[in-house]
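Undergrad: Pasting a predicted model and its sequence here:
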Protein chains: 2
Amino acid sequence: MEPGGVNATIISCGDELVTGQCVDTNSAWLSMRLLSDGIVVHEHITVGDNIVRISQSIKRALAQSELVIITGGLGPTADDVTREAFAEAIGSCLEVSSEAGRQVTKFFERLHRAMPESNRRQMLIPRGCRVLRNEHGTAPGIGYESGSVHAFALPGVPGEMKPMFEEHIAPIICGRSGGGTMIHARLLCMGISEAVLGERLSDLMARGRNPSVGTTASHAVLSVRIVSHGTSAEEAQALLDHDIRDVRRRLGEVVFGEGEDTLQLAVANLLFAQRKTVSTAESCTGGLIAKCLTDVPGSSRYFLRGYVTYSNEAKMELLGVSEQTLATHGAVSEESAREMVAGCRTHANSDLAISMTGIAGPDGGSPEKPIGLVYIGLADKTDVQVRKVLLGDHLGREETRDRACKNVLNMLRLHLLGAASHAH
Amino acid sequence: MEPGGVNATIISCGDELVTGQCVDTNSAWLSMRLLSDGIVVHEHITVGDNIVRISQSIKRALAQSELVIITGGLGPTADDVTREAFAEAIGSCLEVSSEAGRQVTKFFERLHRAMPESNRRQMLIPRGCRVLRNEHGTAPGIGYESGSVHAFALPGVPGEMKPMFEEHIAPIICGRSGGGTMIHARLLCMGISEAVLGERLSDLMARGRNPSVGTTASHAVLSVRIVSHGTSAEEAQALLDHDIRDVRRRLGEVVFGEGEDTLQLAVANLLFAQRKTVSTAESCTGGLIAKCLTDVPGSSRYFLRGYVTYSNEAKMELLGVSEQTLATHGAVSEESAREMVAGCRTHANSDLAISMTGIAGPDGGSPEKPIGLVYIGLADKTDVQVRKVLLGDHLGREETRDRACKNVLNMLRLHLLGAASHAH
């Protein structure tokens, strides 16, 4: 992860962050943005609106990083103290900046509003620093340079911070990434455990290797992150492409997408390509599968209808599940799943159908049919398959339903992939 | 903001955080949770999967805070190095813990799965530390105590971290918060603008007032945050209760819940109380409304069935919408919404039905029927109402569908509240 070059520390200031009333999204955005220019962020620090703690954080950041970006605490109210802390950290003092004064005044003129007295605080800038123009709000930013070290303070409002980053910081860091370029990719996997994934990729995950490869699990989806570093953009891209191919070859159809792809998008693209239609019959997921399949713009081309058959009457009346089956085997059974999916495909007259019945909890579990037991079904015009899946009783209702849904979407994906490979 | 007493530092570990691929939500949750027990968080630190940086952060945190909570980096793969860093920071070494071994083994037994070799890493615990049981995943946590200082390492997966916090950390910190007590509440509102809300509460929102009152808008739900501070728990509670009553009186039926409540829970509780059943007919939301209504445990007592009628054929065949109506007015029209919801209630034989048809985008909008136009319908045994809602074309497909869904759930909530007040 650390091929040398410039590294950065990001500091977020605000009581609303350190008390947990807001989640800090600025640091993640800045990290991603810096990484795309080859700059590695070593640390995020979040502190409240406190001069001592902010200035100490800035001092520590200046000692460990060549680039320091501070967000928040530049507003007009008394609890906005980043200006004071910045001045203290660099051993300077605050003075009224005529340039900052012009910008703040101009902003209010543009809005045809009188400037409240409190906004005068925003004209103060640490002596020896540059004023950074803010086109989208009243708070000017602060720029500081000492030798090879740069520090910037930007407002915390994302809509002001991001354009200011692009205008004032991006041009300076461009080409300062130690002569290197760093790029990254993320492969998304479903249907494998993190441990098995780690075993298959263990040599690629060796510490210090370039590209670096790591894995993360989130809601049943496993991500393989690949970060490559090269002395040129071409070298970095070649290394990245090589690893993407290698990981894809090792993992095969387990990989369903890259970057921000979703399982439903992977399914949708296969359905679009094969011009097939699908319908759904759900019990425990209560509409979630239909919702996911219709997340994708244009889904009316493949999605015909969904039955949310929560009651037994609905299962019988809408899908033709027999009273006998429900009485003998119960609604959560292989037999019911089979009749649900077969009835769904026939009634909807779709190429494919998927079904779900199971026990999402927190109630309704038994030793024979524990919470997390689901039967997932798939029908095409010639065949019906049903699989039993034990998700475990530890996930909670929401996560259980989410994983159940992902399991049946993945079953559909693999079926469509199989159909595609048979066609070749 | 700092009533003295115990202070805490929170450390999040993970390359996915420091590269910006994921946003750290754990630190905000922990901060909020700690504050509710009167513990003030001074700093959040985020570092990558790097032993040196994690251990340095832990050392620094131990020097400045009496409570240190570390999340992430306890997984089974080689890049999970929090165990090693923790041991180094406290001057200890790793050893195989028989207790951790039992827990990891037991977790796989419960799932009826073989344990991959790599999960053995999770049996390592720094010597002198306690093993913290994880009911929801394979990674045991770590607990350390030295004098008045406590440090804990928990997994980064929120669904594992949160219950482990409640089980292992909450009992220890309870009553260690020193001088004052700070408690908070959140009232949730739907069907009012943030500006009008601010006007109705403006005197309560004055700076420096105790309790402090603030508002936040998130995905069409407005929250009123009330934070009260008292020298005793009783005083803080009395102040908080007073403001909760006051805000509720000012806002009336706009308030649908508190804390982590959801709109669907508010609807469910009314349906439970009135022993009424409901069914749904959806087009553009594609199953989302049914999904929301079945989010609530026990929803089979009120939810009978959902029709996801994406195609016109499905609307005609399943709900009895007339071909004439679809041809004359289109699927997105007051007339179609009316026939959908009436047909749904009759076919499902439920007390109530709700329907949704609209244009979620990004395609399909026109000057007459723009993106964000939805018709929401409600039927009971005597009446059918349809409302036209313009959500605007700026939200994107996901947010448009989410808000459309919340609008119809709120329509149902207000209808049920009306029924309850008529009955009195």
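TA: Right, received. Where do you want to start? On a predicted model such as this, the values are computed, not experimentally measured, just so you know. Numbers count the residues shown, from 1 in each chain, chains lettered A, B, ... in the order given.

Undergrad: Spatially central, which residue of chain A would that be?
TA: Chain A has A:Glu260 as the residue nearest its centroid, 7.0 Å off, counting by C-alpha atoms, centre = their mean.

Undergrad: Let's verify that one: helix, strand, or coil?
TA: Put simply, A:Glu260 is coil when judged by DSSP: H, G, I helix; E, B strand; the rest coil.

Undergrad: What score does it have for pLDDT?
TA: A:Glu260 carries a pLDDT score of 82 in this model.

Undergrad: roughly how far apart are it and A:Leu201?
TA: 21 Å (C-beta to C-beta, to the nearest Å). All C-beta atoms are positioned from the backbone trio N, CA, C, and that covers glycine.

Undergrad: just A:Asn410 next, same as before
TA: Using C-beta to C-beta, A:Asn410 is found at 20 Å from A:Leu201.

Undergrad: One more: A:Ser333?
TA: For A:Ser333, the distance to A:Leu201 - C-beta to C-beta - is 38 Å.

Undergrad: Could you do A:Met316 as well?
TA: 48 Å.

Undergrad: neighbour count winner among these two?
TA: A:Leu201 (22 against 17; other C-beta atoms under 10 Å in any protein chain shown).

Undergrad: who touches that one in this structure?
TA: A:Val213, A:Thr215, A:Val224, A:Val247, A:Arg250 (C-beta atoms under 8 Å, 6 or more residues apart in numbering or on different chains).

Undergrad: so which of the residues you listed also contact chain B?
TA: A:Thr215 (C-beta under 8 Å from any C-beta of the partner chain).

Undergrad: among the contacts of A:Leu201, which two are most distant?
TA: A:Thr215 and A:Arg250 (12.5 Å; C-beta to C-beta).

Undergrad: neighbour count winner among the two?
TA: Between A:Thr215 and A:Arg250, counted using other C-beta under 10 Å, the more crowded position is A:Thr215 (23 against 14).

Undergrad: A:Val68 belongs to a strand, doesn't it?
TA: Yes. With three-state DSSP as the criterion, A:Val68 is part of a strand.

Undergrad: Give the burial count for it, as a bare number.
TA: Neighbours of A:Val68 (other C-beta under 10 Å): 26.

Undergrad: try A:Pro362
TA: Other residues within reach of A:Pro362, judged by other C-beta under 10 Å, total 13.

Undergrad: With the one 3 residues further on instead?
TA: Neighbour count of A:Gly365, defined by other C-beta under 10 Å: 15.

Undergrad: And chain A, what are its domain boundaries?
TA: A:7-173, A:181-258, A:263-423 (automatic domain parsing).

Undergrad: Now render those domains as a markdown table, adding distance to B:Arg83.
TA: Compiled in a markdown table, the domains of chain A are given as follows (distance: least, C-beta to C-beta, whole Å):
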| stretch | distance to B:Arg83 |
| --- | --- |
| domain A:7-173 | 20 |
| domain A:181-258 | 15 |
| domain A:263-423 | 22 |
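
Undergrad: Show the contacting residues for the residue at the greatest distance from the centre of chain A.
TA: Most distant residue from the mean C-alpha position of chain A: A:Gln324, 45.9 Å away (C-alpha atoms, centre = their mean). Residues counted as contacts of A:Gln324 (C-beta under 8 Å, 6+ apart): none.

Undergrad: And the pLDDT for A:Asn119?
TA: 86.

Undergrad: how close does it sit to B:Ile11?
TA: 37 Å.

Undergrad: higher neighbour count, the two?
TA: B:Ile11 (26 against 17).

Undergrad: The more buried one pairs with what?
TA: With DSSP bridges as the criterion, B:Ile11 is bridged to B:Ile45, B:Ile70.

Undergrad: from the chain's centre, how far out does the one helix or strand A:Glu109 maps to sit?
TA: Taking DSSP states H and E as the criterion, A:Glu109 maps to helix A:98-110. Using C-alpha atoms, centre = their mean, to the nearest Å, the mean C-alpha position of helix A:98-110 is found 37 Å from that of the whole chain.

Undergrad: Quick check: next helix or strand after that helix?
TA: That would be, after helix A:98-110 and using DSSP H and E, strand A:124-126.

Undergrad: counting contacts, what elements does the helix or strand following that following strand pack onto?
TA: Downstream of strand A:124-126, the next assigned helix or strand under DSSP H and E is strand A:130-132. With contacts taken as 3 or more C-beta pairs under 8 Å, 6 or more residues apart in numbering or on different chains; DSSP states H and E, strand A:130-132 sits against helix A:98-110, strand A:141-146.
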